[in-house]
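1. got a structure for you, letters missing:
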């Protein structure tokens with residue numbers, strides 16, 4: 001049987017789990033690749049067309065799994081490969097509570113997931129080797145990251161402090177580096 005988005009959605013609904021399904025416990029056979037793509041801006045596409053139903057995106061995002069460098073949608077009975085251009089989620093906002101080392105940053109993704117940055121959900125910043133442009137990420141769950149959108153990154157920078165030669169932010173008792181402090185002297 002050839003995998004389809006409709007069949008996959010029916011399998012997830014039949015599993016009937018509350019909250020996030022235990023995809024880390026599911027190891028079904030690989031059924032092939034499905035023409036689903038998550039664009040860098042967090043838009044999900046099926047057969048080249050954007051998903052029209054946000055609830056379907058939320059459903060599929062709940063069964064997303066990463067193994068090595070590949071992404072899969074997994075149910076108890078099937079596993080299909082999908083394409084992710086950058087990160088599968090986009091952090092579209094965050095809340096900051098507390099100050100300094102006691103600060104806690106809680107990020108919200110485009111599908112409504114919430115994650116508190118800290119030792120178990122780190123923030124990291126990659127830089128484009130050619131342009132130097134930063135791409136910030138926060139771990140959402142089980143090695144699935146969210147790209148922090150531009151407006152949220154600017155807000156993060158506003159909360160930044162210098163610590164041990166780095167400019168970065170505190171959250172959950174951990175310091176997350178954004179850029180070496182010395183690099184800011186040139187700006």
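-> In hand now; what should we look at? Here the structure is a predicted model, which means the values were calculated and not measured.
2. tell me if residue 182 really is in a helix.
-> Yes: counting by DSSP: H, G, I helix; E, B strand; the rest coil, residue 182 is part of a helix.
3. what segments of the chain are helices?
-> Counting by DSSP state H, one finds helices in the chain at the ranges 5-15, 54-61, 150-159, 181-184.
4. determine how far the last one lies from the middle of the whole chain.
-> Remark: helix 181-184 is offset 28 Å from the chain centroid, using CA atoms, centre = their mean, to the nearest Å.
5. please apply the same query to stretch 171-184.
-> Distance of stretch 171-184 from its chain centroid, counting by CA atoms, centre = their mean, is 20 Å.
6. now do stretch 131-145
-> On CA atoms, centre = their mean, the centre of stretch 131-145 falls 7 Å from that of its chain.
7. okay, the spatially closest residue to residue 163 that is not a sequence neighbour: pLDDT?
-> Distances taken as CB to CB, 6 or more residues apart in numbering place residue 175 nearest to residue 163, at 5.2 Å, with adjacent residues excluded. To be clear about C-beta, it is placed using only N, CA and C from the backbone, and glycine gets the same treatment. If you check residue 175, the pLDDT there is 98.
8. any idea how far residue 170 is from residue 123?
-> Distance from residue 170 to residue 123, counting by CB to CB, to the nearest Å: 10 Å.
9. hey, what's in contact with both of these two?
-> residue 176 (CB atoms under 8 Å, 6 or more residues apart in numbering).
10. beta partners for the residue nearest the centre of the chain?
-> For the chain, the residue sitting closest to the mean C-alpha position, by CA atoms, centre = their mean, is residue 146 at 2.4 Å. Note on residue 146: beta-bridge partners by DSSP bridges are residue 89, residue 138.
11. quick one: contacts for it?
-> 87-91, 107, 109, 113, 115, 137-138, 140.
12. repeat that with 7 Å
-> When contacts are counted by CB atoms under 7 Å, 6 or more residues apart in numbering, residue 146 touches 87, 89-91, 107, 109, 137-138, 140.
13. cool, and residue 157?
-> Residue 157 touches residue 178, counting by CB under 7 Å, 6+ apart.
14. the residue nearest to residue 163 contacts residue 167, doesn't it?
-> No: shown here, residue 175 and residue 167 do not form a contact pair, counting by CB atoms under 7 Å, at 10.3 Å.
15. which of these two has more neighbours?
-> Set side by side, residue 175 and residue 167 show more neighbours around residue 167, with 17 against 14, by other CB atoms under 10 Å.
16. kindly state the beta-bridge partners for the more buried one.
-> residue 162, residue 179.
17. and it, what does it touch?
-> Residue 167 touches 160, 178-179, 181, 184, counting by CB under 7 Å, 6+ apart.
18. out of those residues, which are buried?
-> By neighbour count, with 16 or more other CB atoms under 10 Å, the contacts of residue 167 hold 160, 178-179, 181 as buried.
19. between those residues, which sits nearest residue 53?
-> residue 178 (36.2 Å; CB to CB).
20. nothing else from me, thank you.
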